[in-house]
Structure formats: C-alpha cells, structure tokens
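Novice: here's my sequence, what's the structure:
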Amino acid sequence: MEAVAAERSRATEELDEAGEQFELDVSLDEPTEAGPLSQVSREMVRLYREVFGRGPTKAHSEFAGPDTLICTLEESMTPAERNRVAKGEQERMQYVRMLFRHSTDSRFRSAVEEIFGRKVRSFAGSIDVEQDISSEIFYFEPRT
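Specialist: Sure thing, here's the model as predicted:
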C-alpha cells in the first residue's frame, strides 16, 4: 500500500515568498506541478504565513471523494506556540489557532474557490499541537 502511495506522489522542496523552504507533496495524477492540488497546497502555505506568522514546512492536498478536499500541513507552529505546548497549554494553543483561522475563514474559502471554480459550502480545520499537524477540510457544493 505504501508503494502505491509513493508512486502516486512525490515531495518537492520549494521556497515560499519569504525565501523559507517547505516541502510540497505533489500528486503525480496532475499533468503538471502547477495543477490545482499543488496550487492549493502553495496557497495554504502562503495563508498560514500571513495568518499565523509562519508557514508549514510540509503541505499536501488531496481529494477525499468528489466534493471533499483535505489539506494537510505540518510544522507550522511558531517557537512561541511550541513553548506554550511544552508548558502544557495545548488547549489554549488550539483555541488561539482556531480564533485566528475563523477570523480569516473567507480568505481560505475564496482561495480554494478561485483555484477550483467551485463553491465551498463548508470549511473546517484543526491542529494536533503535539505533532504540529494541521488539517483544513473544504466541502464543495455537489456538482449537478
């Protein structure tokens, strides 16, 4: 099973707009590296940098069915956030992240809508502060 996953995607290292390196997992099902899933991953890195002050070092986007898009982002926490977690403030850290993300909800939605040309009907996300892995899930209006 892992061999199949390895055949279907590959990791590429890129520099974001600020010159920091991040890893972008590109689906080989896309005709070019500039395919929509790669574009979403790049846009999530950019938005995280703007909203949270640090972009993730790993980003991967994949469809989980025809109308659900999952973006997985790793290593996006700032040193201050990691210190809070180390001091046992996991719940507070998750809450602060949630507040920031919800206040910029429309930016995440519109970026994905623009890339895919589809309306996002729901958007949800979370962070596992122990592992520094975030997920952003976009639910599209069903195609008719």
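
Novice: residue 122: which element?
Specialist: Using DSSP states H and E, residue 122 maps to strand 120-128.

Novice: likewise for residue 136?
Specialist: Taking DSSP H and E as the criterion, residue 136 maps to strand 133-140.

Novice: which helices and strands sit right next to that strand?
Specialist: Secondary-structure packing of strand 133-140 (3 or more Cβ pairs under 8 Å, 6 or more residues apart in numbering; DSSP states H and E): strand 68-74, helix 105-116, strand 120-128. (Each C-beta comes from the backbone N, C-alpha and C, glycine too.)

Novice: who does that strand pair up with?
Specialist: Looking at strand 133-140 with DSSP bridges, its partner strands are strand 68-74 (antiparallel), strand 120-128 (antiparallel).

Novice: single out the most deeply packed of those strands.
Specialist: strand 68-74 (a mean of 19; mean count of other Cβ atoms under 10 Å).

Novice: could you list every helix and strand in contact with whichever helix or strand comes after it?
Specialist: Once the chain leaves strand 68-74, the next helix or strand it forms, by DSSP H and E, is helix 79-86. Using 3+ Cβ pairs under 8 Å, 6+ apart, the elements in contact with helix 79-86 are helix 90-103.

Novice: quick one: the helix it packs on to strand 120-128, angle?
Specialist: 160 degrees (axes from the mean of the first three to the mean of the last three Cα atoms, to 10 degrees).

Novice: which SSE is residue 44 in?
Specialist: helix 36-52.

Novice: I'd like to know which elements that helix is packed against.
Specialist: Here helix 36-52 touches strand 21-27, strand 58-63, strand 68-74, helix 90-103, helix 105-116, going by 3+ Cβ pairs under 8 Å, 6+ apart.

Novice: ok, residues contacting the longest one?
Specialist: Residues from elsewhere that reach helix 90-103 (Cβ atoms under 8 Å, 6 or more residues apart in numbering): 51-52, 77, 81, 84-85, 108, 125-127, 129-130, 134.

Novice: switch the cut-off to 10 Å
Specialist: With Cβ atoms under 10 Å, 6 or more residues apart in numbering as the test, helix 90-103 has contacts from 47-48, 51-53, 76-77, 80-85, 87, 89, 107-108, 123-130, 134, 136.
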